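>>> A structural model of the following input is requested.
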Amino acid sequence: MKIKVGVIFGGETVEHEVSIISAVQAMEHMNQEKYDIVPIYISKDRIWYTGKMLMDIEVYRDFNELKKYAKTVTLIKDKEGFHLQDTKSLFRKNVSDLDIAFPIVHGNNAEDGTLQGLLDSIGIPYVGSRVLGSALGQDKVVMKQVMKDMNLPIVDYTWFYDSDYADDCEKIFSDVKKLGYPVIVKPATLGSSVGITYVKEESKLANAIEEAMKYDIKVVVEKAVQNLTEVNCSVFGNYIHQEVSVLEEVTSDEDFLTYADKYTGGSKGKLKGASKGMASASRIIPANIGKDLTDEIQETSKKVFKALNLSGVCRIDYLIDKKTNKYYVNEPNTIPGSLSFYLWEPTGKKYQDLLDEMITLAIKDYKNRSRKIYSFESNILSNFGVKGLKGMKGKLGK
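Predicted coordinates for the structure are as follows:
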């Protein structure tokens, strides 16, 4: 019997379209002899849809016109298991059973632990990092604080809330000046290089901060690495075991890897008429940085993976000063674009095999967690009599 895999993607996030590309890629490469693939698309207005049509990238060119052919659903659990239930059916008919969920989402309101928390509350097993790892991997401020505590190499930085900037922008300017220009200004919880500005002089700082605040309440400003080379390493595993991919050296004509570099620029191929996502970026594989530095970054990647409670497949991005050969952890991507399959293929691991290993690991982890104690059979409320409950009314403000 095939395993029913619910691939969840989309969502109300600025990385909505990137998620669609990554998910369609993954669904195209899953072993359909082993898995029954159930696409679950979350639209920008947070409505859940399912239907085999959602496996076709062409559908999303004009989804508003075609969504009438998909079913709106919600995810539930009952005594029989996990199901997608038709929200428009009078009797809430089950549309599809599910055995496991596979989130392929990017950005806020999805990758940041929001979706993972929902899946945990329902109890369905799912692929990838859990709530804590997902949240840590999304927040560039908190992740830096954790990595600093673990003595992992990070660039100098400062951060603030939009309210801090409104109250005392001069203090913010002063803190940034202490870092020394140039700097990188980023929204703290976005990915895919959205809202990021490279700032070479103080006169440009205010505009960069305002751009970042369009997307987030929290802003991080980092000291820019000079003589920059950007490399990435993918990690697969859990807290027990970590496996690393080859490193890639990603190239760009800009001061940092932009959204266009990652998803729209430099792509000569087509995914049924669309971008190939992160697989289309200009890159050198393996990275041309030497064996010793490669080995060191791969070992650091394992430490970052464990420190941030990650699971499944992630991609960890690094900044290298070519002059000093010093490297810094930039950030992890807990659900990386294209699931970083292109970093595993040089190791002999095909995309289909990577997806299979991710699902297998998730099932194994789910079984291990099921052996832990999360609740007790006893009910302390049974000790309350009728009078006791009446007495509680006053305490509850009734």
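
>>> mind listing the residues bridging to residue 236?
Bridge pairing for residue 236 (DSSP bridges) gives the partners residue 243, residue 313.

>>> isn't residue 22 right up against residue 9?
Yes - Residue 22 is within contact range of residue 9, at 7.1 Å (criterion: CB atoms under 8 Å). To be clear about C-beta, it is placed using only N, CA and C from the backbone, and glycine gets the same treatment.

>>> give me the neighbour count for residue 352.
Neighbourhood size, residue 352 [other CB atoms under 10 Å]: 16.

>>> before we move on, the earlier item: give me the common contacts of residue 22 and residue 9.
The contact sets of residue 22 and residue 9 overlap at residue 104 (CB atoms under 8 Å, 6 or more residues apart in numbering).

>>> doesn't residue 60 belong to a helix?
Yes - under DSSP: H, G, I helix; E, B strand; the rest coil, residue 60 falls within a helix.

>>> from the chain's centre, how far out does the longest helix anywhere in the chain sit?
Using DSSP state H, we find that the single longest helix of the chain is helix 351-370. The chain centre lies 17 Å from the centre of helix 351-370; the measure is CA atoms, centre = their mean, to the nearest Å.

>>> over to stretch 167-178?
Centre to centre, stretch against its chain (CA atoms, centre = their mean), the figure for stretch 167-178 is 31 Å.

>>> give me the residues contacting it.
With CB under 8 Å, 6+ apart, stretch 167-178 has contacts from 158, 160, 164, 165, 183, 202, 205, 206, 209, 221.

>>> assumed the last one was part of a helix.
No - Residue 221 is assigned strand when assessed by three-state DSSP, not a helix.

>>> residue contacts, it?
Contacts of residue 221 (CB under 8 Å, 6+ apart): 157, 158, 159, 175, 176, 179, 183, 184, 185, 186, 209.

>>> from those, which land in helices?
175, 176, 179, 209.

>>> what's the closest of the residues you listed to residue 82?
Using CB to CB, residue 209 comes nearest to residue 82 of the ones in helices among the contacts of residue 221, at 44.1 Å.

>>> okay, now the closest one: neighbour count?
Neighbours of residue 209 (other CB under 10 Å): 21.

>>> and what of residue 154?
19.

>>> with the one 3 residues further on instead?
For residue 157, the neighbour count with other CB under 10 Å is 19.

>>> repeat that for residue 322.
12.

>>> ok, it to residue 355 distance?
35 Å (CB to CB, to the nearest Å).

>>> do the same with residue 144
31 Å.

>>> next: residue 330.
Applying CB to CB to residue 330 and residue 355 gives a distance of 26 Å.

>>> so between those two, which is more surrounded?
Each of residue 330 and residue 355 has its neighbours counted (other CB under 10 Å); residue 355 has more, 25 against 22.

>>> residue contacts, that one?
26, 29, 30, 31, 339.

>>> any weak-confidence spans in the stretch 151-300 of the chain?
The stretch 151-300 of the chain contains residues with pLDDT under 70 at 191-192, 253-281.

>>> the strands in it, which residues?
Using DSSP state E, counting those that start in this stretch, the strands of the stretch 151-300 of the chain run over 157-161, 183-187, 197-199, 218-223, 228-237, 242-250, 283-284.

>>> out of those, which gets nearest to residue 38?
Here strand 228-237 is closest among the strands of the stretch 151-300 of the chain (CB to CB), at 23.6 Å.

>>> how far does that closest one sit from the chain's center?
With CA atoms, centre = their mean, you get 15 Å for strand 228-237.

>>> what are the buried residues along it?
Under the neighbour-count criterion of 16 or more other CB atoms under 10 Å, strand 228-237 has 229, 230, 231, 232, 233, 234, 235, 236, 237 buried.

>>> quick one: pLDDT of residue 134?
Predicted confidence (pLDDT) for residue 134: 97.

>>> what residues are up against it?
Neighbours of residue 134 in contact, by CB under 8 Å, 6+ apart: 111, 112, 113, 116, 128, 334.

>>> SS state for the fifth one?
The one in question is residue 128. coil.

>>> so who does the residue nearest to it when sequence neighbours are not counted touch?
In space, and not counting its chain neighbours, residue 128 is closest to residue 312: 3.7 Å by CB to CB, 6 or more residues apart in numbering. Contacts for residue 312 (CB under 8 Å, 6+ apart) come out as 127, 128, 129, 236, 238, 334, 335, 358, 361, 362.

>>> now distance to residue 102 too, for those residues, in a markdown table please.
Shown next, in a markdown table, are the contacts of residue 312 (distance: CB to CB, whole Å):
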| residue | distance to residue 102 |
| --- | --- |
| 127 | 5 |
| 128 | 8 |
| 129 | 13 |
| 236 | 15 |
| 238 | 16 |
| 334 | 14 |
| 335 | 10 |
| 358 | 8 |
| 361 | 12 |
| 362 | 8 |
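
>>> closest to residue 63 among those?
Each of the contacts of residue 312 was checked against residue 63 using CB to CB; the closest is residue 335, at 21.4 Å.

>>> could you find the closest non-adjacent residue to that closest one?
Going by CB to CB, 6+ apart, residue 335 has residue 111 as its nearest residue, at 5.1 Å.

>>> ok, the one you found touching residue 138?
Yes - here residue 111 reaches residue 138: they are 6.1 Å apart, a contact under CB under 8 Å.

>>> same drill for these two, tell me which one is more crowded.
A count of neighbours by other CB under 10 Å puts residue 111 above the other of residue 111 and residue 138, at 29 against 26.
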